[in-house]
Structure formats: structure tokens, C-alpha cells
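[1] Kindly generate the corresponding structure for this input.
(2 chains)
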Protein chains: 2
Amino acid sequence: MSQNAARNLGPATALTCRECGETYDLGPRYACELCFGPLEVSYDHTGVTRETIESGPRNIWRYRGLLPVPSNVADTPNTEPGFTRLVRADNLAESLGLRSLWVKDDSGNPTHSFKDRVVAVALAAARELGFKVLACPSTGNLANAVAAAAARAGIRSAVFVPSDLERQKIITTAVYGGTFVTVDGNYDDVNRLASELAGEQEDWAFVNVNVRPYYAEGSKTIGYEIAEQLGWRLPEQIVIPIASGSQLTKIDKAFQEFIRLGLVEDRPYKIFGAQATGCSPVSAAFKAGHDVVQPVKPSTIAKSLAIGNPADGPYVLDAVRRTGGAIEDVSDEEVVDSIGLLARTEGIFGETAGGVTLGALRKLLSAGVLDPDAETVFINSGDGLKTLDAVAPVAKPSANIAPTLEAFRKAGLA
Amino acid sequence: MSQNAARNLGPATALTCRECGETYDLGPRYACELCFGPLEVSYDHTGVTRETIESGPRNIWRYRGLLPVPSNVADTPNTEPGFTRLVRADNLAESLGLRSLWVKDDSGNPTHSFKDRVVAVALAAARELGFKVLACPSTGNLANAVAAAAARAGIRSAVFVPSDLERQKIITTAVYGGTFVTVDGNYDDVNRLASELAGEQEDWAFVNVNVRPYYAEGSKTIGYEIAEQLGWRLPEQIVIPIASGSQLTKIDKAFQEFIRLGLVEDRPYKIFGAQATGCSPVSAAFKAGHDVVQPVKPSTIAKSLAIGNPADGPYVLDAVRRTGGAIEDVSDEEVVDSIGLLARTEGIFGETAGGVTLGALRKLLSAGVLDPDAETVFINSGDGLKTLDAVAPVAKPSANIAPTLEAFRKAGLA
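    Now for the predicted structure:
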């Protein structure tokens, strides 16, 4: 416990195994020594009120009393992610026949995806745990977020990506400096190498490996913000993309915490999950009524969701079934169509993951699973600027003309 | 006047010629009928206090009492730009030998450039003036902003771009729907066609042509935000990119308004302008001691600043000379180097325009023109994701390895 006290992780009190309930001191652990189950941060959340939150900064640190970070976390240089827009989507709602719809638009984060949230929490915890380097295996958004956060914090980053990654994604990470290694192999190979390195490089914090319990808590802030931005209440329905499944389970955790703390009314909400059909192991398990998730080999344009063996799959199934929700998956064509629909109706250019989520929402609505009269929120977790190739075949000009009034008139565009 | 009353443009009272002082009723005008000088919005700004501003929304509409927009502007669907981060750049300051440095990071806007601000104001004014279509000639950021804002507002957009525009920029505008025309010609040809169309299509508001006086006012919000975010005071030095020159003159106008309204202390500030050497007509005029700006043919990677005949050039010279500032220009190599420096020190990936501005800041500092002990702000007006090609030659991985610990060790990266 004295070690915990020296490690200033705010309200965090212990790490607890999600499977067997064994507890551990706060430290650089991520798996249970008894059953190999994933570890989760436990808290003492006394003293958090709407007022303490509202008086905080306009970023995720307004919720620092609910995260495993020091109370002075906002004073240390960081990218200040969060408090992204919750956009009332009346045009989109009308086109879909929904009564009340909101988009939580996380493309507004510093490197334009929700990953800035989890990385900021991982960085703060990693510092307290004595790590010196911020590292990760990634195929895109996480690489950007880690390299940027480390640059801003003035520490070293070490990012590992598959060597066949698109040139654009190489540039957007390399520009931040730091150690940036391309690895001859697929993402699974890179991930395995990162796990091996995490065991060997004692002062390297691989955000999504050896500090994962802290990192994952950052996704709770999406849930907190939605509830606060709705005026301190929970939506009746929420649609969330599933990659590892962590974002979905943490938004559920956030809602439960807010209820327990009396910050919002305790009323039912339903959680819906969204996957691309080309990587839909959790959707398949949900539809088959299974409790376990069968790994798959991903093949979809929604690369930020392409995790074939999602670590939190079983917990996603629990949360969705407990709340009376459902999980749906959509084809790549439906993804592209939904990116376009969101852009045309609300002026928001979402990533493929956003297209997956809106696509699933539409499919669930058509099937009568989503209630058109219940207030609904869906997550756009990233930015269309990072996945231009997906919409290139359909996002085209109306006409090409000569630079004259006559050419304009002939084109019939007036 | 009754016509003005019907047009609810908030505190705006008239349009005034910058050259001869002739005044006009508020309407869809942009040039003086007597001398062809540009028209500027005049106001009655009574009743604006720190408190009225602070109680407003966290976007540009908190300053609605200082803009030509209706008082209920925030209730109409819009992209809600502004209140972007003012980032304290201690790492960068230390590397440059500056005492206190801030970056106003406008890449955080909805379509990731400051253009969302001016377009939002143009849209609000255009509605009041009875226009039905939001239009523009553009080569990039403005096209994105207009198409997105119109989509969100549920009105039609009409965007005109040169047909040789990069494929990426075509996609990022086309995705929002609307009328999107590629024109066989250079930007000057497109601009000329837009001016002709503005005379012919009575209900089309070309934001940067026939509603330009309203549109340009949107840039004042950058100045307001900097002063408010510094704790209601002006910086001692500010470095601003120059394209048309409008952004620089409007930030100056914002500071002057805040002083006149007693919202900040009246103390001296110096304004510095930044151009790319490949398009530096205003810098050349400043250095030569001229009052007029000689047009040039642009050739620079900083395409968002590549306006060879800047409309507000003379007014930029006035503001810079009046405040005791200076104007500098930098090579494309310096632009790329400064984009990298900003990314590596602060985790902010700026557009080429941001590289121009930081590059000019560095050059002015080296020359002893900028005071290293005075508090300094510079503007990053856009997002590096939109100008990837500029940094592609230098933003490269540290190493490529096989997926093994041994390969990692051999690479000497531990």
C-alpha cells in the first residue's frame, strides 16, 4: 500500500481480475497470475460531483477524479484530448425516421481519433509507474496518438507497425519523430514482437500491452461526456463500434459509475455493438447465442476495427445482453454508403469505423431492433481524412466544365 | 433602415468603404460604388462584457455580439467552429530560446482549418440576406468548409475548383454532396468564373466574393479567443500567415475592439506577417518600404497561402507598420523543417501554412526582430493531414526489421 501511495494514481485503489476477482496492488501488471484473466482498475470514487466535474478543464481531465491519474494531471504537458462535440443530428434523424439522434464526434481530438483519450491516460499512469518510453504496436490511429502524445510530453516514443502499411499512415506517425519501426510481418507478428519487447525493455510502456488496464480506462471518458453533454442524463440507446471491444465495455462502465455516484438518474439504456462483416466475430457470437468469441481472419476496409481475436469480446456480449441491446455487422458497401450519408446530412466526414457504426444503426433500425422513438447516440471514433481510399470510388465531382458562363449553363447546374 | 431591421444581423449597423468612408445599408454588397474600395462591416457593440461572452457556447458564437449574425445564430444548425486550443508550447519555446510561446491551433476546427470560422459567419449572414445557395471558388480548405457547412445547414452548396486539383482534395469536398464543379483552368480562371456567376445567380452567396465583408469578419474570432484564452489580455507579439491578408487585419481589428470595449488592457502589441518566399508579394512590399503590393505568380508548397494578388495587402502593411511589427518570408525547405519541429516538440501536425508561420517566427527571432523575452503567439491555421505530400520526403521510419527480438537488438534501437 505504501507503494500505491507513492504512485499517485488518484482514485485508483487496486487492479482486480475480471475473471477470478483476485486483487493486486497498482503496478505495471495486466494479467492475473492465477487465471491469466485481464486486470481492471478498481476505485474509491468519493467526492466526485457534477460541480467538481463542471469546474474542471474542457478536456478529459475534468473526469480525473474517476481515472487512474494524479490529481494534478492537467498541469503536465499532454495533448488535452476529449470534450469533443456531441452533435444533434436532426437532418440524419429525419432521413432515417428517428425521433432524436446524436453523433459523438471523436474526430475532433488532437490526432483526430478516440485513441488520444486512452493514450493520454496511459501516459499519465505510465509516468507514475516509472516508465520512460511510450510504445505501441499499431496499424494507424494508435500510432499517431502515441507519437504525438510522447512528443508533447517530451519523452521518447517507440511505435511498431507492419511494413506494408500505407505510405500516408507512415508519414502521419513519422512526422512526430521518436523511434518508429516498420516490421516485416502482419499485425499479429508486430503485436507478438511488442509483447516480447514489453517483457524485455523494463522502462517501456506499451500502452495497449503492459499498461493496458490503465489505457483502457480512457474510453470511459466518452461515456462521461455523452451523459454530461446531454444535460446529465443517459441516452436510451447507444451504438458503439467493436474492435477489441474495450470502448463498448468502458462506456457501459462509465454509465454504471455515473448511476452509482448519483450523477445521472438510474434508468434503463440499451447498448448496441457494430462490426464490419469482414471482421465480425462478436456479432457472429451474439447472433449464435454463444458466450465465447471464435477468432476470425479480418478482411474489411474498416481497418481500425479489424481485430480478429477481440480481447474484450465476452464482456461485450455480457454488456449488450444485460442491457437488452444487440450487435449487427455491415458490408464494406454499407460502410461507404453510411460515411456518405453522415457527410451529406450533417457535414461530418467520419472514418470507416464511423461508417460501420452508422451502418449498423441503420440495419438495426430497419429490423425493428432499435426503437425509432428512443433517444439514440452513436459514436464516430475517427476522421475520414485518414481513410480517404474507402470513399474515393464514390466521392466524385458533379461535372467538369470550361471556365465560362456558357459552359456552366450547358452543364445544367444553375 | 427598415430593411436592416428585417435583416437580423445583430450588432452590425452598416457597410463602410475602407478607402473613401462611404456607408451603405447592410446588404449583399462588397465593393464601394464610388471608388470600388472594399466594404467593411460597422457595428454598435454596446452591452458586450466578459460575462456575456463567458456565458456563451464554447464556439465562435460566444462572440455573436461582435459579429454580423443574428443573436439566435447558435440555434440554427451549423458546424460550431472555434474555441480551438491555445497550446502553451514550452518545448518549442525552449528549443528556440523564447521565454513564453503559444500556438493557436486551428486544426481543431470541424473540417480542420480556420475556414470553418469565416464560412459559419458567411452562412449566417447569407441566410439573413436571402441567399439560398452557399458557394465558393477554392483550391482546398475553403471547399471543404463550404461543402460541410451547407450539408449541416441543410442547404445547397456549389463549389468550384481547378480540375487539376489533387485527388485527395477532390474526395474531401465531394463526400459532403452538393454541387461540385471542376473547372478546366487555374485558380484565377475559377475565381473569375465565380465572380461572373455571382452577378448572374441571384440567390447564390459566394462566401469569398459577394458576401466577403461578412465572411471576413469570422477571422476576428481567432483574435478574440487568443485574448480570452490568455486570461483576458493581449499577447505582446503575434505571428500570422498572409494569404489574402484578411486574417491578419481581422485579428488586429479584434484586438482593437477588445481594447475599445475595455475587455483587455490597452497595451502595445506587435503584429508579424508570414509568407512563403514563392508567394511573398506583401513581404517584398514591406521590405522595400512600399505602400502598394505588386502581384506575383505563386510557386510554393504552401498552396493555402498562394494568393499572388492579395486583396488586403495594403491593409496588412498598415497594421504591421502601425504596431511596430515586420513581415518575413521563408523557403519551402524552411516550411517543411518547421512543420517537423512543431510536430516533434509539441505533437501538433500543422499544415504547410503553419510551417510558413513558424518558419517566419524563427527567422525573425534569429534576426533580432522578434523579442525573445516578449510573450508570443503564432497561428497554425490548418491540418497536416491535408498537406501530406509536403513532408513525405522527410517523414520516414527509423528502421525496418524482421519480427524478432534479435532483429530489434541488431537495429540498435533499445
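[2] number of nearby residues for A:Glu406?
    Using other C-beta atoms under 10 Å in any protein chain shown, the number of residues around A:Glu406 comes to 9. (C-beta placed from N, C-alpha, C; glycine too.)
[3] Next secondary structure after the one helix or strand in chain A whose mean pLDDT sits lowest?
    Least confident helix or strand, chain A: helix A:2-6 with a mean of 47, by mean pLDDT, DSSP states H and E. Tracing the chain past helix A:2-6, the next element assigned as helix or strand by DSSP states H and E is strand A:12-17.
[4] May I have the strands that pair with that following strand, each with its orientation?
    strand A:23-24 (antiparallel), strand A:39-43 (antiparallel) (DSSP bridges).
[5] Just say which of those is most tucked in.
    Looking across the strands paired with strand A:12-17 with neighbours counted as mean count of other C-beta atoms under 10 Å in any protein chain shown, the highest average goes to strand A:39-43: a mean of 20.
[6] Identify each buried residue in whichever helix or strand comes after that one, please.
    Sequence order places helix A:50-54 as the next helix or strand after strand A:39-43, per DSSP H and E. Neighbour counts over helix A:50-54 (16 or more other C-beta atoms under 10 Å in any protein chain shown) mark A:Ile53 as buried.
[7] Stretch A:31-47 too?
    For stretch A:31-47, the buried set under the neighbour-count rule, 16+ other C-beta under 10 Å, comprises A:Cys32, A:Gly37, A:Pro38, A:Leu39, A:Glu40, A:Val41, A:Ser42, A:Tyr43.
[8] Make TSV from these and add pLDDT to it.
    Converted to TSV, those look like this (pLDDT from 0 to 100):
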residue	pLDDT
A:Cys32	97
A:Gly37	95
A:Pro38	95
A:Leu39	97
A:Glu40	96
A:Val41	97
A:Ser42	96
A:Tyr43	97
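[9] show me the contacts for the closest residue to chain B within the stretch 1-150 of chain A.
    Taking C-beta to the nearest C-beta, chain B has its nearest neighbour within the stretch 1-150 of chain A at A:Ala148, 3.7 Å off. Residues counted as contacts of A:Ala148 (C-beta atoms under 8 Å, 6 or more residues apart in numbering or on different chains) are A:Thr79, A:Pro110, A:Thr111, A:Asp116, A:Tyr176, B:Ala343, B:Gly347, B:Ile348, B:Phe349.
[10] cool, and A:Gly273?
    A:239-242, A:245, A:248, A:282-283, A:286, A:316, A:320, A:325-328, A:360.
[11] And the pLDDT for it?
    pLDDT, A:Gly273: 98.
[12] did I read that right, it in a helix?
    No - using DSSP: H, G, I helix; E, B strand; the rest coil, the assignment for A:Gly273 is strand, not a helix.
[13] Across the sheet, point out what pairs with it.
    When assigned by DSSP bridges, A:Gly273 has beta-bridge partners A:Ile240, A:Ile327.
[14] how near is it to A:Leu342?
    Using C-beta to C-beta, to the nearest Å, A:Gly273 is found at 19 Å from A:Leu342.
[15] wait, is the residue of the stretch 1-150 of chain A closest to chain B part of a strand?
    No - read with three-state DSSP, A:Ala148 is helix and lies in no strand.
[16] If we ignore the residues flanking it in sequence, what's nearest A:Val316?
    Leaving aside its chain neighbours, A:Val316 sits nearest to A:Gly245 (3.9 Å; criterion: C-beta to C-beta, 6 or more residues apart in numbering or on different chains).
[17] since we're on the one you found, how many residues are nearby?
    26.
[18] For it, give its distance to chain B.
    Distance check for A:Gly245 against chain B: by C-beta to the nearest C-beta, to the nearest Å, it reads 25 Å.
[19] Tell me who's in contact with that residue.
    A:Gly245 is in contact with A:Gly273, A:Val282, A:Pro310, A:Ala311, A:Asp312, A:Gly313, A:Tyr315, A:Val316, counting by C-beta under 8 Å, 6+ apart.
[20] again, 10 Å this time
    By C-beta atoms under 10 Å, 6 or more residues apart in numbering or on different chains, the contact list for A:Gly245 reads A:273, A:275, A:281-282, A:293, A:307, A:310-317, A:319-320.
[21] now A:Gln256
    A:Lys220, A:Gly223, A:Asp266, A:Ala319.
[22] any idea how far chain B is from the residue lying closest to A:Phe131 once chain neighbours are set aside?
    Sequence neighbours aside, A:Ala205 is the residue nearest to A:Phe131 in space, at 3.7 Å (criterion: C-beta to C-beta, 6+ apart). Here A:Ala205 is placed at a distance of 15 Å from chain B (C-beta to the nearest C-beta).
[23] ok so A:Ala205 is a strand residue?
    Yes - counting by three-state DSSP, A:Ala205 is located in a strand.
[24] surely it meets A:Ala153?
    No - A:Ala205 lies out of contact with A:Ala153 (C-beta atoms under 10 Å); the separation is 11.7 Å.
[25] any shared contact partners between the two?
    With contacts taken as C-beta under 10 Å, 6+ apart, A:Ala205 and A:Ala153 have A:Leu123, A:Ala126, A:Arg127, A:Leu134 as neighbours in common.
[26] Which one (most neighbours) among these?
    Ranking the shared contacts of A:Ala205 and A:Ala153 using other C-beta under 10 Å puts A:Leu123 first, with 31 neighbours.
[27] Look at it and tell me its secondary structure.
    helix.
[28] contacting residues for it?
    Listed by C-beta under 10 Å, 6+ apart, the contact set of A:Leu123 reads A:69, A:73, A:76-79, A:131, A:134, A:145-146, A:149-150, A:152-153, A:155, A:157, A:205, A:207, A:211, A:214-215, A:218.
[29] Now the buried members of those.
    By 16+ other C-beta under 10 Å, the contacts of A:Leu123 give A:69, A:73, A:77-79, A:131, A:134, A:145-146, A:149-150, A:152-153, A:155, A:157, A:205, A:207, A:211, A:214-215, A:218 as buried.
[30] quick one: which of those residues sit in helices?
    Judged by DSSP state H, the buried ones among the contacts of A:Leu123 include A:Ala145, A:Val146, A:Ala149, A:Ala150, A:Arg152, A:Ala153, A:Tyr214, A:Tyr215 as members of helices.
[31] ok, which pair from those residues is furthest apart?
    A:Arg152 and A:Tyr214 (18.2 Å; C-beta to C-beta).
[32] Confirm for me that A:Pro281 is in contact with A:Leu305.
    No - the criterion here is C-beta under 10 Å, and A:Pro281 misses it with A:Leu305 at 11.1 Å.
[33] okay, and the common contacts of the two?
    Common neighbours of A:Pro281 and A:Leu305, counting by C-beta under 10 Å, 6+ apart, are A:Ile242, A:Gln275, A:Pro298.
[34] Among those, find me the one that's closest to B:Arg167.
    Set against B:Arg167, the nearest of the shared contacts of A:Pro281 and A:Leu305 by C-beta to C-beta is A:Pro298 (26.6 Å).
[35] The closest one is in contact with A:Cys279, isn't it?
    Yes - A:Pro298 is within contact range of A:Cys279, at 3.7 Å (criterion: C-beta under 10 Å).
[36] With neighbour numbers in mind, choose between the two.
    Higher neighbour count among A:Pro298 and A:Cys279: A:Cys279, with 24 against 19, using other C-beta under 10 Å.
[37] Quick check: bridge partners of that one?
    Beta-bridge partners of A:Cys279, as defined by DSSP bridges: A:Ala276.
[38] How about the contacts made by it?
    A:242-243, A:296-300, A:302-303, A:305-308, A:310, A:329, A:356.
[39] who wins for neighbours among the residues you listed?
    Neighbour max across those (other C-beta under 10 Å) = A:Val356, 36 neighbours.
[40] Helix or strand next in line after the one helix or strand that residue maps to, which one?
    Per DSSP H and E, A:Val356 falls inside helix A:352-366. Per DSSP H and E, the first helix or strand lying C-terminal to helix A:352-366 is strand A:376-380.
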